[in-house]
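Peer 1: My questions are about this predicted structure, shown below with the sequence.
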Amino acid sequence: MPTVLALETSCDESAAAVVRDGAVLSSEVASQVEEHALWGGVVPELASRRHVEALPHLVERALTNAGVSLSDLDAVAATVAPGLLGALMVGSVTGRCLAQLAQKPFIGIHHLEGHLCSALSGDQAPQGPMLVLLVSGGHTELIALRAFGQYERLAGSRDDAAGEAFDKVARLLGLAYPGGPALEIAAKGGDPLRFRFPPGRISLPDGGVHPYDFSFSGLKTAVLREVQRWQIAGEPLPVNDLAASFQQVICKVLVERSVRCAVDQALPGLVVVGGVSANAELRRQLTGACTAASLNLHLAPLAWCTDNAAMIGLAACKRLQMGQSSALNLGVAPRWPLANAIELYGTAPF
Ligand code: KG4
Ligand code: ZN
């Protein structure tokens, strides 16, 4: 039963967790959201400094709450890619030092594999080939998963990530940062059919449109134009209706293309992970569409949708079980495809 201490510092949440054989023993998260909200978005340098301050306390609490000490660990894991360079460095250096102290292997984890593992663990863990819809602040991807660790990217966003679109539109509507949760609340009192925003299509050179790829920049511009129309007219913004109409179309497009991709690729399951998968309207639409298409839907538990270290620990347990660990000179990479996650084990690629 391997016991792993896991660290996550790729963006604006500092987190530490202890996971034993796929069960989360403790999970500590210190969010920096309130501080970054003052600037309207994540300030990378500030994020790194806050990780340095928070991590020692989080590690101590995670170990204490799990009732384990360094000597009980079988490995130490940390997110090493993708993310903010300085922020990743804090978790990676801390993780490698602790691994050396404990005289145990270090396991570098791909952040998106962590998100995936938030939905692949527990008694109800999905089995067999599946399509993964990964929707976070930095990524929107459709990935075929035929066996753990073997990822084939089938489609994704050509511009903004879905979470980024939520954040930018929320900002246009004068809502708080981070935009996703604030926009979801604003949309609750709104009419989703009042404004018709474009779903965003990718034209193919030979004609027609890409069946699965996403584009959210046109959608964002359409909201901007509508906001400007109201401002020029000197009318108060119908924030709730704008939020509900935007949320309706972005969820619809995510659901329709994911379901079509899973059906076309004969993948019987759809797994949805990442910060945006916390959105209740997205979960509602997914549930209906997957039932209609006879797809098995697996949603990340709400508590594990946004960044945390438990998901990094769950991924590390799987890598450890596969006999894989990372070189101690493994660095960090702000960008690294999930399909190349296997290169994090053995000789360091960066
Ligand atoms: O996965 P995550 O915590 O961090 C990244 O790896 O990016 O995702 C953060 C993103 C942000 O863009 C945030 O606005 C969005 O997820 N998000 C949501 C909701 N909760 C978080 N978007 C829509 N609805 C939500 N309830
Ligand atoms: Zn994330």
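Peer 2: Thanks, I have it. Ligands and ions are numbered 1, 2, ... in the order given.

Peer 1: going forward, measure contacts and count neighbours with C-alpha atoms only.
Peer 2: Noted.

Peer 1: Which parts of the chain are strands?
Peer 2: 3-8, 13-20, 23-31, 75-81, 106-110, 130-135, 140-147, 150-156, 269-273, 296-299 (DSSP state E).

Peer 1: Need the CA coordinates for the fifth one. CSV is fine.
Peer 2: What it means is strand 106-110. The C-alpha trace of strand 106-110 is given here as CSV (Å, rounded to 0.1, in the frame of the first residue of the first chain):
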residue,chain,number,x,y,z
PHE,A,106,10.5,11.5,-6.5
ILE,A,107,7.5,11.4,-8.9
GLY,A,108,7.0,14.4,-11.2
ILE,A,109,3.3,14.6,-12.2
HIS,A,110,1.7,16.2,-15.2
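
Peer 1: hmm, it touching ligand 1?
Peer 2: No. Using CA under 6 Å from any ligand atom, strand 106-110 stays clear of ligand 1, coming no nearer than 10.9 Å.

Peer 1: and what of the first one?
Peer 2: No. Counting by CA under 6 Å from any ligand atom, ligand 1 is not contacted by strand 3-8; separation bottoms out at 10.4 Å.

Peer 1: Near G207, how many other residues are there?
Peer 2: G207 has 7 neighbouring residues, counting by other CA atoms under 10 Å.

Peer 1: Wait, N296 touches G288, no?
Peer 2: No. N296 lies out of contact with G288 (CA atoms under 8 Å); the separation is 11.3 Å.

Peer 1: Can you pick out the residue with more neighbours from the two?
Peer 2: Set side by side, N296 and G288 show more neighbours around N296, with 15 against 12, by other CA under 10 Å.

Peer 1: Okay, and the beta partners of that one?
Peer 2: Beta-bridge partners for N296, by DSSP bridges, are G269.

Peer 1: That one: what's it in contact with?
Peer 2: The contact partners of N296, taken as CA atoms under 8 Å, 6 or more residues apart in numbering, are P268, G269, L270, C290.

Peer 1: By neighbours, which of those residues wins?
Peer 2: Counting neighbours by other CA under 10 Å, the top entry in those is L270, with 27 neighbours.

Peer 1: where's that one relative to I143, distance?
Peer 2: 10 Å (CA to CA, to the nearest Å).

Peer 1: which residues do the two both contact?
Peer 2: Joint contacts of L270 and I143 (CA under 8 Å, 6+ apart) are L131, V132, L133.

Peer 1: how close does the closest residue to A147 other than its chain neighbours get to L295?
Peer 2: The spatially closest residue to A147, leaving aside those adjacent along the chain, is P129, at 6.8 Å (CA to CA, 6 or more residues apart in numbering). Separation of P129 from L295 (CA to CA): 12 Å.

Peer 1: For burial, what's the neighbour tally of the nearest residue to L98 once chain neighbours are set aside?
Peer 2: Leaving aside its chain neighbours, L98 sits nearest to V76 (6.9 Å; criterion: CA to CA, 6+ apart). If you count neighbours by other CA under 10 Å, V76 ends up with 30.
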